[in-house]
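Q: Give me the fold of what follows.
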Amino acid sequence: MNGGPEPLLARLGLEESSYFVAQGYHRPFLDALLQEVPEAELRRLAHLTFALLKPDTVLSARVRPALALLAQAGLEVVDLGVCLSTHPRQFEELYKTNLTVYNQQNMVGAWWLNHQIYELAPVVTLLLALPGEGAGDAQRRLAAVKGPSSPYLCQPDQLRARLEASNRSINLLHTADGPVSSAREYLLFQPLSRLREALARLDGGSGCRPFPASRLEAELATLPGAFVETDFLRVLTTLKARLHKALLEQGALAEEPQASSLREQAAVAAGGEPLLERTRAYRELSHRELASLGQLARTASCPLLEAALSLADFDHLDLAVARSTVAAFRGAGLYLSAWEQLLLETSCYYLDDFLAGEPAGPSPRRSVDRAPGMRR
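A: Coordinates of the predicted model:
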């Protein structure tokens, strides 16, 4: 939009820079909302922002740690809801402005991969406020706290780095671009009556009453108790260990030095260092592992050994490697969970977020096959 604030948004005291608003998609949404909600009430949206804690946050038991980090940043939970029953259409609607090639920040080429996480666990909706601050400050604070989409690009103190987001797709939370998008996205999962209840907790200015603690605990009590590993390096080491065990049983691999190499990799993967440091150290160990396995491959070969070689070739991990690894596991009857498969595929697909900023390895790196229009 050019020539100053859009009249409807200016009238409501709402400000948002997003593709959704720039294309005018907000007008019919707000017109419909104004039929149900008084203008004075809608103005309070300026002090709220929406976040969605994604299935990886739920599955890795990071919901409470995420809430704690948001609270440390001064963000107050005005509403929290656990969505135990969702439909793929809701998430398609959530990201619909990113599913057009006309939006430069689109994910058209990877939606087939990115949407799969939403089939694996519940999500948690949040409405957040920043007490004592002005219109739009809650959204800006949340954007600064969470960090970029890729954890490899985050600062060490940002939420996605501190809670060890996996990759650009499996990255703990989604956030809205502004107050209008916050209302639209929230209403994909929760009823209008609940939004109005949240708006009523704002005093018309920058103050607010928090979401009742008893209701928050009742919501969180419905979350599943199972835990899955979401760290790519730790899962990658686990998959290598399974291949190692199978190759030992086939007599295709000696116990040492491969077992020693895996122990070193496991120690690095489990360490408490920042993601970039851990990944760099792990990459170096993988280079050594690849050289060792390469000697063995000159004298013997089988599908599982090929898979082990591919996973050791860290600089060349990509979607093709992930798919061939999945095929090798299936063909050999080795256990591979749906979560492990998705983590492997998404992490390999987005590994260029790390490799692009690193010196070249011992062998030339293949260019990553990103679909046209892929968000970087």
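Q: Leaving out chain neighbours, which residue sits closest to residue 65?
A: Nearest non-adjacent residue to residue 65, counting by CB to CB, 6 or more residues apart in numbering: residue 163, 5.9 Å away. Using the backbone N, CA and C atoms, a C-beta is placed for each residue, glycine as well.
Q: Hmm, residue 69 and the one you found touching each other?
A: Yes: with contact defined as CB atoms under 8 Å, residue 163 reaches residue 69; the gap is 7.2 Å.
Q: re earlier: give me the number of residues near the residue nearest to residue 65?
A: Residue 163 has 21 neighbours, counted by other CB atoms under 10 Å.
Q: Also residue 294?
A: By the measure other CB under 10 Å, the count of residues near residue 294 is 12.
Q: and what of residue 217?
A: Look at residue 217: counted by other CB under 10 Å, it has 10 neighbours.
Q: Distance from the strand or helix carrying it to the middle of the chain?
A: Assigned by DSSP states H and E, residue 217 belongs to helix 213-220. Remark: helix 213-220 is offset 24 Å from the chain centroid, using CA atoms, centre = their mean, to the nearest Å.
Q: quick one: contacts of it?
A: Contacts to helix 213-220, defined as CB atoms under 8 Å, 6 or more residues apart in numbering, come from residues 63-64, 77, 80-82, 124.
Q: now for the next helix-or-strand element following it, which elements pack on it?
A: Next along the chain after helix 213-220, taking DSSP H and E as the criterion, comes helix 232-250. Packing partners of helix 232-250 (3 or more CB pairs under 8 Å, 6 or more residues apart in numbering; DSSP states H and E): helix 258-270, helix 275-297, helix 303-312, helix 319-332, helix 338-349.
Q: angle of helix 232-250 against helix 338-349?
A: Interaxial angle of helix 232-250 relative to helix 338-349 (axes from the mean of the first three to the mean of the last three CA atoms, to 10 degrees): 110 degrees.
Q: Would you indicate which residues of helix 232-250 are buried?
A: 232-237, 239-244, 246-247 (16 or more other CB atoms under 10 Å).
Q: quick one: which of those is nearest to residue 224?
A: Residue 224 lies nearest to residue 235 out of the buried residues of helix 232-250, by CB to CB, at 19.0 Å.
Q: May I have the secondary structure class of residue 78?
A: Assigned with DSSP: H, G, I helix; E, B strand; the rest coil, residue 78 falls in the strand class.
Q: For it, grab the count of nearby residues.
A: By the criterion of other CB under 10 Å, residue 78 has 25 neighbours.
Q: now the end-to-end length of stretch 49-59.
A: End-to-end distance for stretch 49-59: 24 Å, by CA to CA, to the nearest Å.
Q: how about the helices of the stretch 51-200 of the chain, start to end?
A: All helices of the stretch 51-200 of the chain, identified by DSSP state H, counting those that start in this stretch, fall at 55-59, 63-72, 88-94, 111-114, 137-146, 159-162, 179-186, 192-200.
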